[in-house]
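> build the 3D model from these lines:
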Amino acid sequence: MVLYVSETNNFQYLRLDSDGHLRVYQWVEGVEDITDDILTGSLGDCAYPLSCGNYGICSNGQCTCPVGNDGDPNYFRQLDFRQPSLGCVEETQMSCQSPDRHLLLELDNVTYFEFVPVLADTDVQSCKETCLKNCSCRAAVYRHNSSMSTGECSMPSKIYSLMNIQKQAVSYNSSTFIKVQKLPESPPTSSRKKANQIPLIVGPILGATVVFAIFIFLYVRFKRNVVLEDGLEEDGEWENSLVLLPDLPKRFSYEDLKSATQNFDVNKRLGGGGFGSVFEGTFLDGTRVAVKRLDRLGQGRKEFLAEVQTMGNIHHINLVKLFGFCAKRSHRLLVYEYMSSGSLDKWIFHRTSEDALEWGIRKKIILNVAKGLAYLHEECKSRIIHLDIKPQNILLDENFNAKLSDFGLAKLMDRDQSQVMTQMRGTRGYLAPEWLSRKITEKADVYSFGVVMLEVVCGRRNLDYSAPEEAENLLEILKEKAEMNELVDLVDKCNVNMQRHEEEAVELIRTAIWCLYVDPARRPSMSTVVKVLEGATPKEHILDFSFFMPTGQAKSREDLVMDSAPQEASILSGPR
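Below you'll find the predicted structure:
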């Protein structure tokens, strides 16, 4: 690895921290400051032993606990639901004295931060059976290529952090089977004789106990003022607070959504993101929907409220429609319209020329996204900044009309506000440079849109760590090609149709460059971008490319929230 350190007059040093991160620090006026996280750029945020603590599953920089094969969340719980990165703990401690009560929880597309094969050329069943017979084995990690009948098996005896993988980003398939103790059965019913004795024993003290409990309850209710991280009180109070929100969409019962998704059948699972899973559902009247289920209590609560409030009050042809939601105790679900062609990333990061999109469709998708963003920024009562514009959050219908989805990270700005201060949120590779100062405007979305435009036209990811080192960062290549007036080399040449429209594609690349200025004030508004795409107004003529700073090299701080790349698509429907 070659390490490039920017020139500075400040004292800098390199340190391997206890969390496994290799960071560059500098002293600025007596204050220690992080300037770079060396390994994370290539490994991702999830490839560290304690990124999500013991048994935590890291996905897009978010941490969840393993659930049962039927979605049962009772095998593990978070040590602190306000700090998911601390990890998870078993609800029922595993004992080697009762191996007959051991079982394996299957976690598809999940792997361990290290892989040490102990069985080679084996099948998945043999891998699982060997782990069940070995008490020191805490998980069976099975990796294979095209067939599950031949692969390698690793059996770690200690489980630190697990991590989700994206199939198209790695050369292997992986399944992890976590060993757990079966949940205890309900105790047997007491005999009639013992049951009859219970009232005789507790009767004399029952009245006093009830009175005492009432006083304790009233005292605790009066004194308790525990406010969670997202500003809402616990359990029922959080649920009841939804009643106070104005203009909410339809509220569904949990039973209705459970029925529509066939009890959240794994075969109905369309995908998942950092906060939960998405399932295809069908109501009794035949309406198809996408049901987004937040899997863990206390996690994603703020994002859930943001999405209900934001999507429940806006309507636009290029925004995915929110039909309603469900908030019942630990169950939090969002019900969206079903988008039959899935997310954009499945179509632009193609493997063969047969599934590559033609130029006309790509151009339409870019215009659709631009119109959706222009509506959010300029036509709503409060300006809405999406803050997570990426191909995984752009969904396509059967005619490849594009709609923006996933407003869990959205931020509202009053019309009289020039900017907002907020913690970093979004996805590595799509983050605007101004995130380093935390002073954000809607121009942060414009920058992310510029990156997406490039990916659509070029047919590759901005940050592609599977490519040679010199070709990992698309924006670095863009700067070189722009300075040499060779932008045509970047156009996706996957099929004849794309090659026939190279000149038009180059013009869209120039529009994308306009959106990528480091200075947000120099970027166009999304309404201006729409006019340029429709040919109603000319774009700015750009001659100076020294403005450029790749997002992949942006400096990060420990207290900023950033998703890793590559990441599992956050989608509301699967590919057709």
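
> pLDDT weak spots in the stretch 251-400 of the chain?
For the stretch 251-400 of the chain, the stretches with pLDDT under 70 are 273-275, 295-303, 306, 350-353.

> okay, strands next: where are they in it?
With strands called from DSSP state E, counting those that start in this stretch, the stretch 251-400 of the chain shows them at 269-273, 276-282, 288-294, 322-328, 331-337, 383-385, 394-396.

> need those in TSV (columns: distance to residue 109 and mean neighbour count).
In short, each C-beta sits where N, CA and C put it, glycine included. Below are those laid out as TSV (distance: least, CB to CB, whole Å; neighbours: other CB atoms under 10 Å):
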stretch	distance to residue 109	mean neighbour count
strand 269-273	9	22
strand 276-282	12	23
strand 288-294	17	23
strand 322-328	26	20
strand 331-337	22	24
strand 383-385	31	22
strand 394-396	20	26
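
> ranges for the strands of the stretch 1-150 of the chain?
Using DSSP E, counting those that start in this stretch, the strands of the stretch 1-150 of the chain run over 11-16, 22-28, 31-37, 57-59, 62-64, 76-78, 88-90, 102-108, 110-112, 117-122, 139-144.

> looking at these, which has the lowest confidence?
If the strands of the stretch 1-150 of the chain are sorted by mean pLDDT, strand 31-37 sits at the bottom with a mean of 72.

> mind giving me the domain ranges of the chain?
With automatic domain parsing as the criterion, the domains of the chain are listed as 1-38, 57-181, 235-337, 345-553.

> now these as TSV including distance to residue 213?
Output for these, formatted as TSV (distance: least, CB to CB, whole Å):
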stretch	distance to residue 213
domain 1-38	45
domain 57-181	26
domain 235-337	18
domain 345-553	40
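
> closest to residue 47 out of those?
Among the domains of the chain, domain 57-181 comes nearest to residue 47, with 5.7 Å by CB to CB.

> circling back to that earlier point, could you dump the strands of the stretch 251-400 of the chain to TSV with distance to residue 163?
Below are the strands of the stretch 251-400 of the chain laid out as TSV (distance: least, CB to CB, whole Å):
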stretch	distance to residue 163
strand 269-273	14
strand 276-282	17
strand 288-294	20
strand 322-328	29
strand 331-337	24
strand 383-385	29
strand 394-396	25
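
> quick one: closest of the domains of the chain to residue 45.
The nearest among those, by CB to CB, is domain 57-181 at 4.7 Å.

> quote the end-to-end distance of that closest one.
Across domain 57-181, the terminal residues are separated by 19 Å (CA to CA, to the nearest Å).

> quick one: that domain to chain centroid distance?
20 Å (CA atoms, centre = their mean, to the nearest Å).

> make sure residue 314 is actually in contact with residue 382.
No. Counting by CB atoms under 8 Å, residue 382 is not a contact partner of residue 314; they are 10.0 Å apart.

> out of those two, which sits in the busier spot?
Just comparing residue 314 and residue 382: by other CB atoms under 10 Å the higher neighbour count belongs to residue 314, 18 against 13.

> what is the neighbour count of residue 437?
As a burial measure, residue 437 scores 9 neighbours (other CB under 10 Å).

> for it, give me phi and psi.
Dihedral pair for residue 437: phi -100, psi -10, per degrees, to the nearest 10.

> please tell me how far it sits from residue 520.
According to CB to CB, to the nearest Å, residue 437 stands 10 Å off from residue 520.

> try residue 367
Going from residue 367 to residue 520 by CB to CB gives 22 Å.

> give me the beta-bridge partners of residue 326?
On the basis of DSSP bridges, residue 326 is bridged to residue 333.

> next up, the contacts around it.
By CB atoms under 8 Å, 6 or more residues apart in numbering, residue 326 lies in contact with 251, 252, 253, 254, 256, 257, 332, 333, 335.

> residue 98: which of the residues you listed is nearest?
Nearest member of these to residue 98, counting by CB to CB, is residue 254, at 34.0 Å.

> does that closest one touch residue 330 like I think?
No. Using CB under 8 Å, residue 254 is not in contact with residue 330; the gap is 9.8 Å.

> about what we covered before: between the domains of the chain, which one is nearest to residue 49?
domain 57-181 (4.2 Å).

> ranges for the helices of this structure?
Applying DSSP state H to the chain gives helices spanning 40-43, 124-133, 192-223, 235-241, 254-260, 301-311, 345-348, 359-378, 443-458, 474-483, 496-500, 502-514, 526-533.

> so of those, which one's packed in deepest?
Using mean count of other CB atoms under 10 Å, the stretch among the helices of the chain with the greatest mean number of neighbours is helix 443-458 (a mean of 25).

> lowest mean pLDDT across the helices of the chain, which one is that?
helix 235-241 (a mean of 54).

> how close does residue 527 get to residue 184?
Per CB to CB, residue 527 is found 61 Å from residue 184.

> same question for residue 450.
Relative to residue 184, and taking CB to CB, residue 450 is found at 55 Å.

> before we move on, back to that, which one of the strands of the stretch 1-150 of the chain lies nearest to residue 262?
strand 102-108 (18.1 Å).

> mind listing what's buried in the closest one?
Neighbour counts over strand 102-108 (16 or more other CB atoms under 10 Å) mark 102, 103, 104, 105, 106, 107 as buried.

> how about stretch 55-74?
In stretch 55-74, counting by 16+ other CB under 10 Å, buried: 55-68, 73.

> the lengthiest strand in the chain versus helix 124-133: what angle between them?
Looking across the chain with DSSP state E, the single longest strand is strand 173-181. Interaxial angle of strand 173-181 relative to helix 124-133 (axes from the mean of the first three to the mean of the last three CA atoms, to 10 degrees): 30 degrees.

> average pLDDT for strand 173-181, rounded please.
pLDDT averaged over strand 173-181 gives 90.

> and it, what does it pack onto?
Under the contact definition 3 or more CB pairs under 8 Å, 6 or more residues apart in numbering; DSSP states H and E, strand 173-181 sits against strand 102-108, strand 110-112, helix 124-133, strand 139-144.

> of those, which is nearest residue 513?
Counting by CB to CB, residue 513 lies closest to strand 110-112 out of the helices and strands packed on strand 173-181; the figure is 37.4 Å.

> now the closest one: buried residues?
So strand 110-112, judged by 16+ other CB under 10 Å, has buried residues 110, 111, 112.

> and what of stretch 77-87?
Buried residues in stretch 77-87, counted by 16+ other CB under 10 Å: 78, 79, 81, 84, 85, 86, 87.

> possible to save those as CSV with distance to residue 497?
Shown next, in CSV, are the buried residues of stretch 77-87 (distance: CB to CB, whole Å):
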residue, distance to residue 497
78, 50
79, 54
81, 50
84, 46
85, 46
86, 51
87, 50
